[in-house]
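[1] Requesting a structural model of the entry that follows:
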Amino acid sequence: AFAKGIWGEYRKPAPLPAGVPLDIVINGSVLGGKNKPILKNDTTFLPMRDIADALNAQLTWDGKTKTATISANNKVVSFTIGAKTMKVDGTAVPLETPAYLQQANGGSFTYLPLAALSRGLGYQVVYRKSLQTAFINS
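    Next up, the predicted model:
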């Protein structure tokens with residue numbers, strides 16, 4: 001019913017590949033990318049580049065302060081590695097689990113908390129445990 005109401009049709013999710021804890025569907029399309037989502041402290045994290053690309057958002061990285069800033073939907077959300085708050089349009093908002101750096105595929109990747117980022121940008125987030133899928137709609 002959820003998929004039909006949003007996209008006008010039901011789409012059966014494909015089986016999850018080994019080691020992938022859940023699927024992420026953004027505006028009806030399954031999130032791609034070589035780095036998989038990570039569950040940490042009951043929070044879903046995604047690489048900042050993958051999620052910014054999928055949301056058609058503008059991304060900047062400040063290596064000096066280790067801060068990722070994503071702009072979309074007339075909002076600006078910033079995460080500093082290890083900080084217990086994010087900034088939404090300049091206002092500090094508490095985070096349960098901060099952004100972090102993850103070593104993967106021969107590099108270091110910034111992982112952002114998916115639900116916090118999506119809510120900060122004003123997007124709808126719905127998780128369906130039975131489908132092991134998080135849906136994000138702008």
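
[2] So for stretch 83-94, mean pLDDT?
    For stretch 83-94, mean pLDDT is 97.

[3] Quick check: end-to-end length of it?
    Counting by Cα to Cα, to the nearest Å, you get 9 Å between the two ends of stretch 83-94.

[4] Now Tyr127: closest residue in space, sequence neighbours ignored.
    Nearest residue to Tyr127 in three dimensions, chain neighbours excluded: Ala134, at 4.8 Å (Cβ to Cβ, 6 or more residues apart in numbering). (Each C-beta comes from the backbone N, C-alpha and C, glycine too.)

[5] If the one you found is in a bridge, with which residues?
    Beta-bridge partners for Ala134, by DSSP bridges, are Ile24, Tyr127.

[6] Just want to check the distance between it and Thr91.
    Distance from Ala134 to Thr91, counting by Cβ to Cβ, to the nearest Å: 25 Å.

[7] okay, those two: which has more neighbours?
    Ala134 (22 against 9; other Cβ atoms under 10 Å).

[8] Now do the contacts for the more buried one.
    Contacts for Ala134 (Cβ atoms under 8 Å, 6 or more residues apart in numbering) come out as 22-25, 44, 114-115, 125-128.

[9] Tell me the buried residues within those.
    Neighbour counting over the contacts of Ala134 (16 or more other Cβ atoms under 10 Å) leaves 22-25, 44, 114-115 as the buried ones.

[10] These: which two are farthest apart?
    The largest distance within those, taken as Cβ to Cβ, falls between Asp23 and Ala115 and amounts to 14.9 Å.

[11] show me where the chain has helices.
    2-7, 48-54, 114-120 (DSSP state H).

[12] Alright, calling it a day.
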